[in-house]
Each structure stands twice: as structure tokens, then as C-alpha cells.
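Fold the following and give me the result.
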Amino acid sequence: MDIKHNLKIKASTETIYNAVSTEKGIQGWWSKDCNVGEREGEKSNLKFDKKGTIVEMGFKTIKLDPKTQVIWECTENANPAWLKTTVNTEILETSDGCEVVFTHAGFDVKWKGQEAYEMTKGGWQHFTQSLVDYCEKGTGQPW
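The predicted structure is shown next:
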């Protein structure tokens, strides 16, 4: 199972790529407290404050294709539905910005309808809009 968002972002491929592949970018729309591996094979750690409880997520950078694609694999997460899933951002330049296909892929079907998966879908609704805002306006809504 996959969670997919097709986004239209009025920004350059470079702006969007940097937003999803660099520490500064991730801090701008997803996680205020993170260490991001900016080369293939490197690890990233994101922390979120959920009502006073710190939640940590670990990722490995699988693919960095400048200005077109970034793929991360989840290696650590308190939410077991995330383990071994991938977060894939594909960027295609258009005449008025970019089309971005943002996919969180590889959920086991056993998670369908379960809180661990449904909560993730809701979270991505927030964070994909935060990504758009960050790329277009310079300010997102990271946690």
C-alpha cells in the first residue's frame, strides 16, 4: 500500500530538491530537530515533539538524483507500520513550476484501516502542504 500526493509547486526543481534532500530543507517543512545525511547511503534522524513526547525516526538515503528524485528508507520508527517503507519524492519541471509526486510506499496490507497507517495518512496531509508552503513562500509548518 502506498500514500501518494500529486503536488503542483510554483518553485524551481532546485528549491524543491533542496527542501527534501538537505538538513536545512527538512527543518523548513518537516522536522525542526533533525540530522540529515545528504549523500546516498547516509543516515538521517528526525525528532518530533508530540505533545511533550519526543518521537524519533531514522532513515537511510537510498537515492539522490539531483533536481529530479530523492528516496529515503525508514530504518527506525516507534510506528511499526513505517519500518522498511520508502519516502519517494519525484520532481518534474513544468512551464509554471513543478509537478511533484510524493509517495510513502511499501506499507504492508495488514496496516490498512489501522491507526498506525491512518495516522500516517493524516500526517502527510499536513506535511505535504507544509512542503508546498516552504517551497513557494519560504515558510512551512514543521514539527
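
What pairs with the helix or strand where residue 73 lies, parallel or antiparallel?
Under the criterion of DSSP states H and E, residue 73 resides in strand 69-77. For strand 69-77, sheet partners with direction are given as strand 53-65 (antiparallel), strand 86-94 (antiparallel), following DSSP bridges.

what's the average pLDDT for that strand?
This predicted structure assigns strand 69-77 an average pLDDT of 98.

Identify each buried residue in that strand, please.
With burial defined by 16 or more other CB atoms under 10 Å, the residues of strand 69-77 counted as buried are 69, 70, 71, 72, 73, 74, 77. For the C-beta atoms, the positions are set from N, CA and C on the backbone; glycine is no exception.

now the residue nearest to residue 132 when sequence neighbours are not counted: how far from residue 98?
Residue nearest to residue 132 in three dimensions, not counting chain neighbours: residue 9, with 5.4 Å by CB to CB, 6 or more residues apart in numbering. Remark: distance between residue 9 and residue 98 (CB to CB, to the nearest Å) = 5 Å.

For residue 32, which of the strands paired with strand 69-77 is the nearest?
strand 53-65 (11.7 Å; CB to CB).

Show me which residues of that closest one are buried.
Along strand 53-65, the positions that meet the burial threshold by neighbour count (16+ other CB under 10 Å) are 57, 58, 59, 60, 61, 64.
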